[in-house]
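**Student:** Pasting the sequence and the predicted coordinates here, then a few questions.
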Amino acid sequence: MAKKFWPYNRKYFPELQCTMKSPVNPLPNRTEISQLGEFGLIDYLTKNIRLQNSTSLKGVGDDAAVIAADNRQTLVSVDVLIEGVHFDLSYTPLKHLGYKAVAVNISDIAAMNGKAEQIVVGIGLSNRFPVEAIEEIYEGMMLACKRYQVDLVGGDTTSSHSGLFISVTVIGKAKQEEICYRGGASVGDLLCVSGDLGAAYMGLLLLEREKAAFKANPDMQPDLEGYDYILERQLKPEPRTDVVEMLKQAGIKPTSMIDISDGLASEILHLCKASSLGCRIYEDKIPMDAATLTMAESFRIVPTVAALNGGEDYELLFTIRQTDFEKVKAISNISIIGHFTEQSGIAEMVTTDNQLIRLTAQGWDALKNSEEDKKADL
Ligand code: ADP
Ligand code: MG
């Protein structure tokens, strides 16, 4: 049997170090789910949960969790992850998968300017996976829960005959006046983005490339040395709850906000549509890490394409009033990349060579082709 491509059994991200040799092959032995049964498995996975939020009145163990109502409004969001569609277990270590499944949900609540406080987890699995595998997923989820002070208050466990399935529902809170919707920008508002863009996509391309090389020659070790940043951005994204906090501290309430899961272009168009306005951005203002630029060059991709179309960066994209310009400038790691215009639904980019290009949800056509050529190469 071919060895599994499982690069993250290595030194990276010590906090998410895997103990398993492959998703189905724990060391030294394998515990069958049938040995514990459904209830035994649930007990085993949830026995170490300690509730952290005062709104979590009852967690795992009853027919439903109980969450306190207070003077804030409730935000709810769900994300479903399906093996082979949303993740590839040949290079996604299970702890990372658990961490990411929770992180991306917390990001959705952050994008509403709220605070995530609870999650419920639905999981579908087959006997292909041992108890140790599910435990690793939960360890990753619990780490994200601990880091972002979120309580895992319930879930459902079921069998799946077609791969692993994870559904995470997040419950958050925000004061009514604090909530930021996608619609809400005015003409002249400044478009801002946190962190840097495109790295997660570069990490994905790297993993796909190494997977292809591994398939061609299973004895070959994946070459992932020195690529920590882009790999971490792909495998272990962090929701920008810190940005929500910094904006609050600075006395800024974004006029609109969204998190970047599908790529900058697509998210800008969502803001435009919801606000019935247009937007103009400047290519030279788009923040990108040096590691992203280097990797894009080696894949012969225009780096801006990775930022516009790549997705999974989980940065926050938001608009502010021009009067908040000085305040936002004082916050580190926020870039002002453009402004809103009257041209409803039209998003444009001024390129580094001063061309005006219309953004579509897939970026723009000339570069889209080169990106697809690149993908086909993999
Ligand atoms: P019911 O039959 O009432 O749906 P379950 O037996 O599915 O109850 O669940 C029992 C308890 O365990 C509930 O509190 C539920 O929220 C929790 N639970 C079930 N599966 C999971 C899971 N995968 N992760 C966390 N909690 C779970
Ligand atoms: Mg149930």
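**Tutor:** Structure's in. What do you need? Numbering: from 1, shown residues only. Ligands and ions are numbered 1, 2, ... in the order given.

**Student:** Give me the most central residue, this protein.
**Tutor:** When Cα atoms, centre = their mean is applied to the chain, the residue found nearest the centroid is V104 (4.0 Å).

**Student:** That residue sits in which helix or strand?
**Tutor:** Taking DSSP states H and E as the definition, V104 sits inside helix 94-110.

**Student:** Likewise for R30?
**Tutor:** Going by DSSP H and E, R30 is not in any helix or strand.

**Student:** dump the residue contacts of it.
**Tutor:** Residues in contact with R30, defined by Cβ atoms under 8 Å, 6 or more residues apart in numbering, are 24, 130, 132. For every residue, glycine as well, the C-beta is placed using N, CA and C.

**Student:** quick one: it from H339, how far?
**Tutor:** Applying Cβ to Cβ, to the nearest Å, the value for R30 to H339 is 57 Å.

**Student:** got the residues of the protein near ligand 1?
**Tutor:** Contact residues, the chain versus ligand 1 (Cβ under 6 Å from any ligand atom): 42, 45-46, 60-63, 121, 123, 152, 154-157.

**Student:** right, and M349 touches G278 too?
**Tutor:** No: M349 is beyond contact range of G278, at 11.8 Å (criterion: Cβ atoms under 8 Å).

**Student:** Looking at those two, which one has more neighbours?
**Tutor:** Neighbour totals were compared for M349 and G278, and M349 leads with 26 against 19 (other Cβ atoms under 10 Å).

**Student:** Rounded mean pLDDT for the helix or strand hosting A133, please.
**Tutor:** In this assignment (DSSP H and E), A133 forms part of helix 131-147. The pLDDT scores in helix 131-147 average 95.

**Student:** Give me the distance from that helix to the chain's centre.
**Tutor:** 16 Å (Cα atoms, centre = their mean, to the nearest Å).

**Student:** swap in stretch 255-272?
**Tutor:** With Cα atoms, centre = their mean, you get 14 Å for stretch 255-272.

**Student:** end-to-end on it?
**Tutor:** Start-to-end span of stretch 255-272 (Cα to Cα, to the nearest Å) is 12 Å.

**Student:** same check, this time on stretch 274-286
**Tutor:** 22 Å.

**Student:** Can you list the buried residues in that stretch?
**Tutor:** Buried positions in stretch 274-286, judged by neighbour count with 16 or more other Cβ atoms under 10 Å: 275, 277-283, 286.

**Student:** Which pair in the residues you listed has the greatest spatial separation?
**Tutor:** Spatial extent of the buried residues of stretch 274-286 (Cβ to Cβ) is set by the pair S275 and E283 at 22.1 Å.

**Student:** Any regions of the stretch 1-150 of the chain where pLDDT drops low?
**Tutor:** The stretch 1-150 of the chain contains residues with pLDDT under 70 at 1-13, 27.
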